[in-house]
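Chemist: Give me a model of this one.
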Amino acid sequence: MTVPPEVRGKFYALRGLAVVFGAFGAGFFLLRPNEFWIRSAAALGILASLGLIRRSNVYVWRARGQVAADWSPANRVGPLTWVLTGASLAACGAAYFLMYLDQLHDGKEAWPVYAFAVAVLALVITSGYVTLRILR
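Modeler: Down below sits the predicted model:
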């Protein structure tokens, strides 16, 4: 890939940072695979490195004129939609925790399962809307 001179510094800085995040993430996965928090941090590091690589490619594409500078207003997702998606994700976590607590106490209640089903349905609807809105 030929990098235009006006974005060469940003391109290589982002790629270098992506390599660092990816290497640390992979190292944490290999060194401490049994600890949840370290695996989570490693996964976030790897996802951040992939995002940085994507961002560096966008700089190159914009410099070449292959990508429009901004999204059109029709493709943007409003803040209310993001809040509803985040709230439904939090509701999924809370309902799952309630199912876990119910299971620890012999699983005699059915309502945590129904709450989890409703939360998952809300998450599917809101995240599907966000995905369709972005990819349209």
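Chemist: need the helices for this structure, in chain order.
Modeler: 8-31, 36-64, 79-104, 111-135 (DSSP state H).
Chemist: residues making contact with the first one?
Modeler: Surrounding helix 8-31, the residues in contact under the criterion CB atoms under 8 Å, 6 or more residues apart in numbering are 3, 38-39, 41-46, 48-50, 52-53, 55-56, 59-60. Yep, even glycine has a C-beta here, placed from its N, CA and C like the rest.
Chemist: what residue lies at the spatial centre of this structure?
Modeler: Residue closest to the average C-alpha location in the chain (CA atoms, centre = their mean): residue 47, at 7.5 Å.
Chemist: any idea how far that one is from residue 25?
Modeler: 8 Å (CB to CB, to the nearest Å).
Chemist: circling back to that earlier point, need the helices of the chain in CSV (columns: mean pLDDT).
Modeler: As requested, the helices of the chain are exported to CSV (pLDDT from 0 to 100):
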stretch, mean pLDDT
helix 8-31, 86
helix 36-64, 85
helix 79-104, 94
helix 111-135, 90
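Chemist: Break this protein into its domains for me.
Modeler: 5-64, 73-135 (automatic domain parsing).
Chemist: Tell me, how many residues neighbour residue 80?
Modeler: 8 (other CB atoms under 10 Å).
Chemist: Now for it: which residues touch it?
Modeler: Taking CB under 8 Å, 6+ apart as the definition, residue 80 has no contacts.
Chemist: Please apply the same query to the one 4 residues further on.
Modeler: For residue 84, the contact set (CB under 8 Å, 6+ apart) comprises 122, 126.
Chemist: What of residue 89?
Modeler: Residue 89 neighbours (CB under 8 Å, 6+ apart): residue 123.
Chemist: Look up how far residue 35 lies from it.
Modeler: 23 Å.
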